[in-house]
Structure formats: structure tokens, C-alpha cells
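In: From the sequence below, what's the structure:
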Amino acid sequence: MSGSATEWDPQLYDGKHAYVWTSAADLVDLLAPRPGERILDLGCGTGHLTAKISATGARVTGVDASGPMIAKARNNYPKLHFEVGDALSLPYREEFDAVFSNATLHWIRPPEKVAASIWNALRPGGRLVAEFGGRGNLQSIVDAVTGALTEAGLHDNARRNTLYFPTIAEYTTLLEGQGLAVTYAVLFDRPTPLEDGENGMRHWLAMFGRSFLAGLPDDTRLAIGRRVEGRLRPRHFIKGAWVADYRRIRVVAHKVARP
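Out: Numbering: from 1, shown residues only. Alright, predicted model coming up:
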């Protein structure tokens, strides 16, 4: 979650959104960490994938912009090293063999500045392994939220979509322009059942829809949530669970000289 202006709720994140890290556990396999490597987990959240990487023998630093998330990560894994930090201005210079990032880069703009910050943190030849939302990610949910807000006359809130969901061509070109040579990139659909049955969509909105709902009184938020559910229910409430239309980019790139 590093670099996002949104303040996160670590209890809600751990309690109702475990799919964020469990569905990407095989991203660690793509990283293929080796004992003794120094790895930066960028946007580490509450530390679960940081711990999975550490279990391989790598030396991991977890970084997140959210103080509460870092506090929860330290509580979850007191033997690991976590820092509060901004992906746009990482202080590291050629310190890491790899930068790993899951479900974070779509929250942070401008993406060029994030890529430059990652380049600075990597040693020559070091690798970036990342997964985040690609073009079309959560399109049904975003459309339902903006539609519900517009229908309610809340036009300013409806325009608060700052998420970054690029195409592969757009993102690989961006990385190449910052001196990160792309060796692997894929865009894929991952329909994802949300946790807690009927309550799943309201938990998702409470966790990830805060920028849209900021400044609204509780009763208005509840009313918007019901409108969103009504719009989504015919196609996205399946066998007792809400299913989010996740679409992800996975990318591997290596640090080379900047153009």
C-alpha cells in the first residue's frame, strides 16, 4: 500500500481481505528469492508475503506508507524489519538485489516516479517482480460506484478515481524508459470471491473505496453501498459470495543503464 494517500485499516485488511496476499502467494515463486539476497517488499501491508520471502533465507525489508499497517506488520512478525516509507521517494541507493511488490503500484501516481525510485533502490542487474491491477481491473465495481454516486448527485466523489490500471504496452514502455528492461509481462483475469458472504462487497467498499466515499456521512455511505450492491448483484453475487472482477499485470524487469 506504499505511497497511497489513503489511510488503511489493518484489522479490516487482515480480517476480511486475506485474498490480497493468498491469491498472489505464487508471485514469490516468480521472485525466486535466494538465501542471503537483500529484497525490498514495497507496499508490504501487514507483512504476510514479507514473511514468506524471509522464510527462504533472504534478508527482507518491508516498506509501506501506512503507519498503522507497518505497526500491524511488526506485531505480526516481530523478528522482521519494517519501515514506513513512500514509494515515490525511497531513500535507498543500490541496496537491494530485488524489489518485490504485490497489489500496490496501482495506488500510486505518478508511476514514472515510482519506477525511478525502484531503479535507485536496485543494485545493477537487480530485478523488479511485481503484480498489480491492469487495464480493466475492477471495471464493473468502479463503474457501479461512480454510477451510484452520480445517481445520488455526488459528482465530486464520483470523479475521485485516481487508480492507475495500465495496459502491458503502456507499463512496459514506462519501465524501459526508466532503465528497467522487461523480461516478462502478462495480463490476466482473476475473478476473486470476496470474504464474508453477503457482507463482502460492503467490506470491500470500506477498505478500498474510501477515496470515493470520503467526507460522506455514515447514512449516505450506507445508501451508496446499497446502490452499488444493487447494480452489481445480477452478475457479481454468485453462490452466496460477491465476486470481484480483478485483472492483474505481472511483470519482471531488470535494472540496466537509464536511456
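In: what about the closest residue to H155 other than its chain neighbours, distance to S140?
Out: Spatial nearest neighbour of H155, excluding adjacent residues (CB to CB, 6 or more residues apart in numbering): L149 at 7.4 Å. Yep, even glycine has a C-beta here, placed from its N, CA and C like the rest. For L149, the distance to S140 equals 15 Å [CB to CB, to the nearest Å].
In: got it, and G43?
Out: With CB to CB as the criterion, G43 and S140 are 24 Å apart.
In: How about E131?
Out: From E131 to S140 the distance is 20 Å (CB to CB).
In: ditto for A71
Out: Counting by CB to CB, the gap from A71 to S140 is 34 Å.
In: and what of K16?
Out: Counting by CB to CB, the gap from K16 to S140 is 20 Å.
In: Neighbour count for those two, which is higher?
Out: K16 (19 against 15; other CB atoms under 10 Å).
In: so where does the closest residue to that one other than its chain neighbours fall, helix or strand?
Out: Using CB to CB, 6+ apart and skipping the chain neighbours, the partner closest in space to K16 is H203 (4.4 Å). Using DSSP states H and E, H203 maps to helix 200-208.
In: what's that helix in contact with?
Out: 8-9, 12-13, 16-17, 141, 145, 193-196, 213, 221, 224-225, 228-229, 232, 236-237, 241-242, 244 (CB atoms under 8 Å, 6 or more residues apart in numbering).
In: With just CA atoms, put that helix into PDB.
Out: Below are the C-alpha coordinates for helix 200-208, written out as PDB (Å, rounded to 0.1, in the frame of the first residue of the first chain):
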ATOM      1  CA  GLY A 200     -18.200  -9.000   1.200                       C
ATOM      2  CA  MET A 201     -19.000  -6.000  -1.000                       C
ATOM      3  CA  ARG A 202     -19.500  -3.600   1.900                       C
ATOM      4  CA  HIS A 203     -16.200  -4.700   3.400                       C
ATOM      5  CA  TRP A 204     -14.500  -4.100   0.000                       C
ATOM      6  CA  LEU A 205     -16.000  -0.600  -0.200                       C
ATOM      7  CA  ALA A 206     -15.000   0.100   3.400                       C
ATOM      8  CA  MET A 207     -11.400  -0.900   2.700                       C
ATOM      9  CA  PHE A 208     -10.700   0.100  -0.900                       C
END
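In: Which residue, other than its chain neighbours, is closest to L12?
Out: Of all residues not flanking L12 in the chain, M207 sits nearest, at 5.4 Å (CB to CB, 6+ apart).
In: Show me where this structure has its helices.
Out: Using DSSP state H, the helices found in the chain span residues 10-16, 19-22, 27-31, 48-54, 67-76, 111-121, 139-151, 155-158, 168-177, 200-208, 210-213, 218-236.
In: any chance of those helices in TSV, with mean pLDDT too?
Out: Formatted as TSV, the helices of the chain follow (pLDDT from 0 to 100):
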stretch	mean pLDDT
helix 10-16	79
helix 19-22	85
helix 27-31	97
helix 48-54	97
helix 67-76	96
helix 111-121	98
helix 139-151	97
helix 155-158	96
helix 168-177	98
helix 200-208	91
helix 210-213	90
helix 218-236	97
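In: Would you mind giving those as JSON lines with distance to L88 added?
Out: As requested, the helices of the chain are exported to JSON lines (distance: least, CB to CB, whole Å):
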{"stretch": "helix 10-16", "distance to L88": "22"}
{"stretch": "helix 19-22", "distance to L88": "21"}
{"stretch": "helix 27-31", "distance to L88": "22"}
{"stretch": "helix 48-54", "distance to L88": "20"}
{"stretch": "helix 67-76", "distance to L88": "17"}
{"stretch": "helix 111-121", "distance to L88": "5"}
{"stretch": "helix 139-151", "distance to L88": "23"}
{"stretch": "helix 155-158", "distance to L88": "25"}
{"stretch": "helix 168-177", "distance to L88": "14"}
{"stretch": "helix 200-208", "distance to L88": "20"}
{"stretch": "helix 210-213", "distance to L88": "17"}
{"stretch": "helix 218-236", "distance to L88": "29"}
